[in-house]
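[1] The following block contains a protein sequence and its predicted model.
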Amino acid sequence: MSNDAKVDRVRPVPMNVGTWIRKLDLMTLRLFASITEERNIGRAAVRESIAPSAVTKRIQQLEDTLGFRLMYRDPKGTRLTAAGAIVDSHVKRILAAIDDLHHELGDFVVGVQGHVRLWANASALVEYLAEDLGTFSRNFPSVTLDIDEGNSADVEHAVTSGIADVGICAPPLDPSPKLSIQPYRTDRLVAVVSVLHPLANAEKLTFLELLGTDLIGGGAKSGTTRLLESAAAQLSIKYQPKYRVASGEAARSLVRAGLGVSIQPSGMVWPYEDAERVRSVPIVDKWAERDLCILTLAARPHSVALTALTTFLTDTGNSR
């Protein structure tokens with residue numbers, strides 16, 4: 001500690017943090033900030049509509065609590081000590097945080113309002129998200145939603161690049177440190193076979209069994225494809241589907257035609273089983289049950305509308 005800092009002490013041993021919390025008050029911090037801006041106690045007192053003597057008393061109490069002289073006073077005005085400059089920087093952040101809190105809570109007076117840009121993969125939209133967003137919109141009619149669909153890699157990129165405020169998709173295999181990841185719902189992969197396929201009567205299947213069939217794969221960047229590639233590598237086998245198509249609907253068309261087996265999230269299959277004459281068979285490998293997740297940027301402050309949406313989705317997912 002410098003000699004100047006020693007001279008500026010007003011208490012031999014500063015009070016502990018618990019005492020600070022009990023003794024510090026926001027009005028005193030605001031007065032301190034006004035003095036540092038006006039550089040004069042009299043002008044600060046006029047600005048805050050308080051007597052100069054009351055301002056002086058509060059600053060003396062603040063110095064006593066913190067244990068350091070915070071400013072020098074003379075007929076020309078005030079100037080901060082080294083300790084006072086440190087306190088000033090923290091006081092500005094505290095008051096700014098209080099102002100942000102007041103602004104955000106003010107939105108609840110008239111109801112949550114705002115706009116949220118959401119990206120999601122197809123399985124999340126079809127299986128759970130569309131219904132959940134419908135309920136959310138009825139509960140929060142003043143929040144507008146901009147919804148885009150993409151594969152899981154697209155969703156992750158949209159969030160990390162700031163194109164989307166929130167993303168719903170399969171968990172990233174190599175998540176960016178920029179992301180905050182919260183669980184949403186559970187998603188199970190199934191084998192999709194024609195009702196005439198030899199495996200149609202199976203009660204369950206392993207991924208190893210499926211690797212011996214003619215597989216119909218999806219897009220190379222999709223979360224399901226990346227997961228299947230990783231699972232195959234764990235078995236020292238390369239994942240090489242015989243056919244590749246861009247959508248689950250196209251894959252089921254090939255399945256129905258007897259060209260092979262597709263692996264898809266269960267929610268993308270069961271609504272169409274009867275109409276498309278296909279059947280879903282559970283895959284028993286542990287990794288085939290995965291959590292759909294909610295992606296947001298970890299460092300970006302959430303708007304009230306975004307907080308309302310992510311809280312609603314996590315609460316809804318946890319209740320199922």
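    Sure thing, it's come through.
[2] just how off-centre is stretch 189-202 within its chain?
    38 Å (Cα atoms, centre = their mean, to the nearest Å).
[3] those helices in the chain, which residues are they?
    3-7, 17-23, 26-38, 41-47, 52-66, 82-106, 122-124, 130-139, 152-160, 207-211, 223-234, 248-256, 273-276, 304-318 (DSSP state H).
[4] Which stretch among the ones you listed approaches W287 most closely?
    Ranking the helices of the chain by proximity to W287 (Cβ to Cβ) places helix 223-234 first, at 5.6 Å. For the C-beta atoms, the positions are set from N, CA and C on the backbone; glycine is no exception.
[5] I'd say V304 and V116 touch.
    No. V304 sits out of contact with V116 when judged by Cβ atoms under 8 Å, with a separation of 10.3 Å.
[6] Between the two, point out the one with more neighbours.
    V116 (22 against 19; other Cβ atoms under 10 Å).
[7] Write down the beta-bridge partners of the more buried one, one by one.
    Taking DSSP bridges as the rule, V116 bridges to L145.
[8] domain ranges for this structure?
    3-106, 114-186+290-318, 188-288 (automatic domain parsing).
[9] can you redo the ones you listed as CSV with mean pLDDT?
    Listed next are these as CSV, based on pLDDT from 0 to 100:
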stretch, mean pLDDT
domain 3-106, 85
domain 114-186+290-318, 91
domain 188-288, 92
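[10] what's the closest non-adjacent residue to F68?
    A83 (3.8 Å; Cβ to Cβ, 6 or more residues apart in numbering).
[11] give me every residue that touches that neighbour.
    Counting by Cβ atoms under 8 Å, 6 or more residues apart in numbering, A83 makes contact with A5, D8, L66, F68, R69, L70.
[12] Check V192 too.
    Taking Cβ under 8 Å, 6+ apart as the test, what V192 contacts is A251, R252, V255, V261, S262, I263, Q264, V269, V278, R279, S280.
[13] buried subset of the residues you listed?
    Taking 16 or more other Cβ atoms under 10 Å as the criterion, what is buried in these is A251, R252, V255, V261, S262, I263, Q264, V269, V278, R279, S280.
[14] Could you tell me which of those residues belong to strands?
    Members of the buried ones among the contacts of V192 lying in strands (criterion: DSSP state E): V261, S262, I263, Q264, V278, R279, S280.
[15] can you put those in a markdown table and add distance to Y128?
    Putting those into a markdown table (distance: Cβ to Cβ, whole Å) gives the following:
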| residue | distance to Y128 |
| --- | --- |
| V261 | 25 |
| S262 | 20 |
| I263 | 19 |
| Q264 | 15 |
| V278 | 21 |
| R279 | 22 |
| S280 | 17 |
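[16] of all those residues, which two lie farthest apart?
    I263 and R279 (13.4 Å).
[17] Chain neighbours aside, what residue packs nearest to V143?
    A305 (4.6 Å).
[18] What of A299?
    In space, A299 comes closest to K178 once its chain neighbours are excluded; the distance is 6.9 Å by Cβ to Cβ, 6+ apart.
[19] Quick check: that neighbour touching L297?
    Yes. Under the criterion of Cβ under 8 Å, K178 makes contact with L297 at 5.8 Å.
[20] who touches both of these two?
    T160.
[21] So which of the helices of the chain is the most surrounded?
    Counting by mean count of other Cβ atoms under 10 Å, helix 122-124 has the highest mean neighbour count of these, with a mean of 26.
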